[in-house]
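Trainee: give me coordinates for this.
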Amino acid sequence: MCGIVGVISNAPVNQLIYDALLLLQHRGQDAAGIVTQQERKFFMHKAKGMVKDVFRTRDMRSLPGNCGLGQVRYPTAGNAFSEEEAQPFYVNAPFGIVLVHNGNLTNAHALKNELFSTDHRHINTESDSEVLLNVLAHEIEKTTRGLPLQSADLFAAVRNVHRRVKGSYAVIAMIAGHGVLAFRDPFGIRPLCIGRSEDNVMLASESVALEGTSHQFERNIEPGEAVFIDLQGNIHAQQCADAPKLNPCIFEYVYLARPDSVMDDISVYQARLNLGETLAKRVISTVPPNEIDVVIPIPESSRPSAAQLAHLLGLPYREGFVKNRYVGRTFIMPGQAVRKKSVRQKLNVIASEFKGRNVLLVDDSIVRGTTSKEIVQMARDAGARKVYLASAAPPVRYPNVYGIDMPTSTELVAHNRTVEQIREIIGCDALIYQDVEGMKKAVGSLNTKLAGFDASCFDGVYVTGDITADDIARLNENRVAGDEGQEDKSRLALPNHGD
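Mentor: Residues are numbered from 1 along each chain as shown. I've put the predicted structure just below:
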């Protein structure tokens, strides 16, 4: 999962892209990059770190031009600590192309071999995004055959990309002297939308990046669709997939996206309210509401679900944890020891909300269980009499192969365990999970046009239809090592970095 943005404007775009990346910072905190174009020349700056740390005044001054791309990076595999894998990526032929990518290619290893042996292209990093860029460049070169570039050539190239590439991908590419090309995988697993202002056309991962930079949200890029925006701001679009179906990643609504975003016509905030409603029914069947004194969310994604649950059960809703906003998401931490250590740095309890009470903690999801165990213990240390834990998402039982940091099956606390066994590991007095069908109905009811969801980490069904147990084993061979040499590494390693 990463955040991407692209802009074509009548004015310099460096500050606009910077502002959009700040709004997408939640989608990636490892690295950031911006590339701009002026007079067919690309100007790029990228480095490890948060947006505010990567770009200084001198860096912004070195990014002239009225057209550009940006990305915030969240690595799930490959060399997470290498600045070489920060995006955007660049190739000089044909025309000169730079690209940013959100998603993960599940056949990147095979494509890399094809690029070397058949397409005669060199890949210099372990990044699947560099593989994707070279596949796109090769297909554009085939369709243009040295002739001037036409939008029809780009659409033909994207059609061939769809046929060669497997996995999830939302892509924005800039072609020197021509404009910006964007496209989305045929299942629409990763989000991408387009908006306008008086002077600009902007593409971004989430609508919040458009609205927060004074753009009017126009529409989502459809699964399999390609959109080309020329340097004059004219938009050309065409469906390029043979059988597109909208199956967005349901974890975007559960956790990843900002609550003020609307993705594929679904309000993320409303989706989380709905999840709270269905979770309330599960709580009633497990713990009588009269045995709960207070409902407390685990910040921050769980707040809408927790508030709705408390309202429906007629229970007090309280903030019992204060979050230090200057500590990164534990979900993204590079090692298990760092993740465990950071929980108490990230959250502090308001002891008065716990002392002598039976508390129901609500979280958006439980992945490894490490954070949940620490938080339950923090509640007990603050004087809670009983600690119940409810998850707005079902048990995470399977690895994710489409670009989310879900570890191997053995690292998932719910893998091959009953709810009672998970409860014992976490140490709570009762554990209540959302059920898979309830989750899908809660979110899917907000857009009946959806074909379904990628909910593979919950139900083990991989919507691209090309993932086997052997594939998952192979995809995890290059997992990023946890800190201090631990074997319980923290990232789902896919063939390359899988942004």
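Trainee: identify the residue spatially nearest to C457, adjacent ones excluded.
Mentor: Nearest residue to C457, sequence neighbours excluded (CB to CB, 6 or more residues apart in numbering): N400, at 4.5 Å. Heads up, the C-betas are built off the backbone N, CA and C, glycines and all.
Trainee: how about that neighbour, secondary structure?
Mentor: Assigned with DSSP: H, G, I helix; E, B strand; the rest coil, N400 falls in the coil class.
Trainee: what packs against whichever strand or helix holds L203?
Mentor: If you go by DSSP states H and E, L203 is part of strand 200-204. With contacts taken as 3 or more CB pairs under 8 Å, 6 or more residues apart in numbering; DSSP states H and E, strand 200-204 sits against strand 3-9, helix 14-23, strand 193-196, helix 207-211, strand 225-230.
Trainee: the inter-axis angle of that strand versus strand 225-230?
Mentor: Orientation of strand 200-204 against strand 225-230 (axes from the mean of the first three to the mean of the last three CA atoms, to 10 degrees) gives an angle of 150 degrees.
Trainee: picking that back up, kindly reformat the helices and strands packed on strand 200-204 as CSV containing distance to R344 and mean pLDDT.
Mentor: CSV is the format used below for these (distance: least, CB to CB, whole Å; pLDDT from 0 to 100):
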stretch, distance to R344, mean pLDDT
strand 3-9, 28, 98
helix 14-23, 27, 98
strand 193-196, 37, 98
helix 207-211, 30, 98
strand 225-230, 46, 98
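Trainee: can you say which of those is packed in most?
Mentor: Among those, strand 3-9 has the highest mean neighbour count (mean count of other CB atoms under 10 Å), at a mean of 28.
Trainee: between it and strand 225-230, how many degrees?
Mentor: Computed by the same axes, to 10 degrees, the angle separating strand 3-9 from strand 225-230 equals 40 degrees.
Trainee: mind giving me the packing neighbours of strand 3-9?
Mentor: helix 14-23, strand 67-73, strand 97-105, strand 167-175, strand 179-184, strand 200-204.
Trainee: returning to that earlier point: what sits up against the strand holding L203?
Mentor: With CB atoms under 8 Å, 6 or more residues apart in numbering as the contact definition, strand 200-204 has outside contacts at 3-11, 13, 16, 20, 24, 172, 180, 182, 192-196, 209-210, 213, 215, 221, 227, 229, 233, 235.
Trainee: need the helices and strands packed on strand 200-204 in JSON lines with distance to T464, can you?
Mentor: Converted to JSON lines, the helices and strands packed on strand 200-204 look like this (distance: least, CB to CB, whole Å):
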{"stretch": "strand 3-9", "distance to T464": "20"}
{"stretch": "helix 14-23", "distance to T464": "29"}
{"stretch": "strand 193-196", "distance to T464": "22"}
{"stretch": "helix 207-211", "distance to T464": "25"}
{"stretch": "strand 225-230", "distance to T464": "17"}
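Trainee: who wins for proximity to G103 among those?
Mentor: Closest to G103 of those, according to CB to CB: strand 3-9, at 9.7 Å.
Trainee: what angle separates that closest one from strand 67-73?
Mentor: Going by the same axes, to 10 degrees, strand 3-9 makes 170 degrees with strand 67-73.
Trainee: strand partners (parallel or antiparallel) of strand 3-9?
Mentor: Note on strand 3-9: by DSSP bridges, its sheet partners are strand 67-73 (antiparallel), strand 200-204 (antiparallel).
Trainee: so of the ones you listed, which one's packed in deepest?
Mentor: When the strands paired with strand 3-9 are compared using mean count of other CB under 10 Å, strand 67-73 is most buried, at a mean of 30.
Trainee: counting contacts, what elements does the next helix or strand after that strand pack onto?
Mentor: As assigned by DSSP H and E, the chain's next helix or strand after strand 67-73 is strand 89-91. Counting contacts by 3+ CB pairs under 8 Å, 6+ apart, strand 89-91 packs against strand 97-105, helix 128-144.
Trainee: just the ones you listed: most buried one?
Mentor: Ranked by mean neighbour count under mean count of other CB under 10 Å, the helices and strands packed on strand 89-91 are led by strand 97-105, which reaches a mean of 29.
Trainee: so who does the nearest residue to V419 once chain neighbours are set aside touch?
Mentor: In this structure, V419 finds its nearest non-sequential neighbour in L431, 5.7 Å apart by CB to CB, 6+ apart. Counting by CB under 8 Å, 6+ apart, L431 touches Y388, L389, A390, S391, V419, E420, I422, R423.
Trainee: and the gap between the second one and R61?
Mentor: What that stands for is L389. Counting by CB to CB, to the nearest Å, the gap from L389 to R61 is 50 Å.
Trainee: among those two, which residue is more densely surrounded?
Mentor: Taking other CB atoms under 10 Å, L389 and R61 do not tie; L389 has more neighbours (26 against 9).
Trainee: give the other helices and strands that the strand or helix carrying that one contacts.
Mentor: Taking DSSP H and E as the criterion, L389 maps to strand 386-391. Using 3+ CB pairs under 8 Å, 6+ apart, the elements in contact with strand 386-391 are helix 268-284, strand 358-363, helix 370-381, strand 430-433.
Trainee: I'd say F95 and A173 touch.
Mentor: No: using CB atoms under 8 Å, F95 is not in contact with A173; the gap is 10.5 Å.
Trainee: tell me what angle the following helix or strand past the strand holding L389 forms with helix 370-381.
Mentor: For strand 386-391, the following helix or strand on the C-terminal side (DSSP H and E) is helix 419-426. Angle between the axes of helix 419-426 and helix 370-381 is 70 degrees (criterion: the same axes, to 10 degrees).
Trainee: now for helix 419-426, which elements pack on it?
Mentor: Here helix 419-426 touches helix 370-381, strand 430-433, going by 3+ CB pairs under 8 Å, 6+ apart.
Trainee: how many residues are close by A473?
Mentor: Around A473 there are 12 other residues, counting by other CB under 10 Å.
Trainee: how is this protein partitioned into domains?
Mentor: Domain assignment for the chain by automatic domain parsing gives 3-245, 269-460.
Trainee: could you tell me the least trusted of the ones you listed?
Mentor: Lowest mean pLDDT within those: domain 269-460, a mean of 91.
Trainee: any idea how far it is from the chain center?
Mentor: Relative to the centre of its chain, domain 269-460 is centred 19 Å away, using CA atoms, centre = their mean, to the nearest Å.
Trainee: now do the end-to-end distance for it.
Mentor: 26 Å (CA to CA, to the nearest Å).
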